[in-house]
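**Q** Here is a sequence with its predicted model. Questions after.
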Amino acid sequence: MLFQCGPTGTATWGYDEWGFGLYDVNTGNYHGALEEKGPYWESLKFINKLYQNGLVDPNSMSQKYQQMSEKLSAGGVFFSIFNYAGSGGFNSPEKSAENKMMLPLIPKDATPIVYDSSTQGTTYEWCIGAQTQYPELCMSILNWLSTPEGFLTYTYGPKASSPDANDGCWCYGEDGNLYLTPFGEKARADRTGTNMAEIGYSGNYNDGSLQVNCNTWSVSSNNPDSPTGEPFFADYWNSQQGPAACDVEQKWREYSGETVGTAYLLHWDKAVHSPATGITHKDPSKKSDLNTPWKAVAGEIVNGTWKCVYAKDDAEFDKLFEEMTKSAKAYGYDDCIEYSREQADQRFLAESILKSME
């Protein structure tokens, strides 16, 4: 079982992570991490219940990402909030042949957050260094990454000459639809184990993948170059809508009424989403006298959270949570929360103004 308390509140109840707490995108209310019976407390309590029932890896606190990935591939993960640490790391043609697959399920009372696209961009920025010798070349690369072909290339790999060609990963077919080549399918399922020499390149597939967490397009956007109006996300391509890969997937399709997980998450009629307004709010710099307490409080909450995860029973959990609260407050938690709440109020005001203009 993989977890994080903040994302648990985001994915399940629609809160957004904000400072040392969670922000309610519907009401603007701010809940500090140490609020008793608050969303962080509930998330942590839930995870501890899983631990008490043997469903949390006891090595979670110390293991590295590679160790987690190996356990995931071997079927050692019960569930994950993140697809990259769940279905993305487990599903493969080999697993499907064994009738094994991880697929999404939404809790009946969930109100997962959905982030609107900002018309003003985000806090992520592309920059060209002032000392670069080739500013024009840098700009041309950024321009290319902003084209549909550039985005498809850094998302799926080199473009191929045809759907069956062994010289790339994706292409447009004669019918105008997008296709992954057999190699592209293989590479998408096993990024690190796919040797690019098979199609005339060097290294493995992951070596050529864009390593920055800043996209030029949203993957769910419609591709303006697509003759058939397909989006960039391969799961929605007509070529990907084939029969279920195994009995497990077929049963999931019958249950969900969808063929791909993303459509299920977006369209499931029982899911009530919490939309986060597409506005970028950047906190002002903290006062210098808040920097040291902020770091100290962060350390106390991290350490205290892990202790609570591993509590052997409810009584120990309550005791450890109380100790974490007392220790964090001694380091200045209340001042940190006051700052976070002030910024949450400013965010809500900005969102309210934007909504009134729509």
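**A** Great, that's in hand.
**Q** Model confidence for the most centrally placed residue in the chain, exactly?
**A** Residue closest to the average C-alpha location in the chain (C-alpha atoms, centre = their mean): F82, at 5.6 Å. As predicted, F82 sits at a pLDDT of 81.
**Q** all strands for the protein, in order.
**A** Remark: strands assigned in the chain by DSSP state E are 15-18, 21-24, 30-32, 113-115, 170-172, 178-180, 274-276.
**Q** Can you list the strands that the last one pairs with?
**A** Just to be clear, that refers to strand 274-276. Within its sheet, and counting by DSSP bridges, strand 274-276 is paired with strand 113-115 (parallel).
**Q** average pLDDT for the strand it pairs with?
**A** Strand 113-115 shows a mean pLDDT of 76.
**Q** and that strand, which residues are buried?
**A** I113 (16 or more other C-beta atoms under 10 Å). Any C-beta I mention is one placed from the backbone N, CA and C, and that applies to glycine too.
**Q** Show me the contact partners of it.
**A** T10, A11, G14, Y15, D16, V25, H273, S274, P275, A276, G278 (C-beta atoms under 8 Å, 6 or more residues apart in numbering).
**Q** Drop anything exposed from those residues.
**A** Neighbour counting by 16+ other C-beta under 10 Å classes T10, A11, G14, Y15, D16, V25, S274, A276 among those as buried.
**Q** where does the stretch 251-358 of the chain dip in pLDDT?
**A** Scanning the stretch 251-358 of the chain for pLDDT under 70 picks out 268-273, 278-285, 358.
**Q** Can you name the residues that contact the residue lying closest to P58 once chain neighbours are set aside?
**A** Distances taken as C-beta to C-beta, 6 or more residues apart in numbering place Y310 nearest to P58, at 7.7 Å, with adjacent residues excluded. With contact set as C-beta under 8 Å, 6+ apart, Y310 has these partners: N48, Y51, P58, M61.
**Q** isn't the second one right up against K307?
**A** No - under the criterion of C-beta atoms under 8 Å, Y51 makes no contact with K307, lying 11.4 Å away.
**Q** quick one: which of these two has more around it?
**A** A side-by-side neighbour count of Y51 and K307, using other C-beta atoms under 10 Å, places Y51 first with 21 against 17.
**Q** In contact with that one, which residues?
**A** When contacts are counted by C-beta under 8 Å, 6+ apart, Y51 touches V309, Y310, A311.
**Q** Also G75?
**A** G75 makes contact with F90, K100, according to C-beta under 8 Å, 6+ apart.
**Q** switch the cut-off to 10 Å
**A** Counting by C-beta atoms under 10 Å, 6 or more residues apart in numbering, G75 makes contact with F90, K95, E98, K100, M102.
**Q** Look up the pLDDT of the first one for me, please.
**A** By that I understand F90. 89.
**Q** for the closest residue in space to it that isn't next to it in sequence, what are its contacts?
**A** Among residues not flanking F90 along the chain, M102 sits closest, at 4.7 Å (C-beta to C-beta, 6+ apart). Contacts for M102 were tallied using C-beta under 10 Å, 6+ apart; they are 72, 75, 77, 79-80, 83, 86-91, 95, 248, 252, 261.
**Q** likewise P93?
**A** E185, K186, A189, D190, A245, C246.
**Q** Equivalent analysis for N83, please.
**A** The contact partners of N83, by C-beta under 10 Å, 6+ apart, come to G89, F90, N91, M102, P104, G261, T262, L265.
**Q** what residues are up against the nearest residue to H31 once chain neighbours are set aside?
**A** Spatially, and ignoring its direct neighbours in sequence, H31 is nearest to G38 (4.4 Å; C-beta to C-beta, 6+ apart). Counting by C-beta under 10 Å, 6+ apart, G38 makes contact with G9, Y15, G21, L22, Y30, H31, G32, L44.
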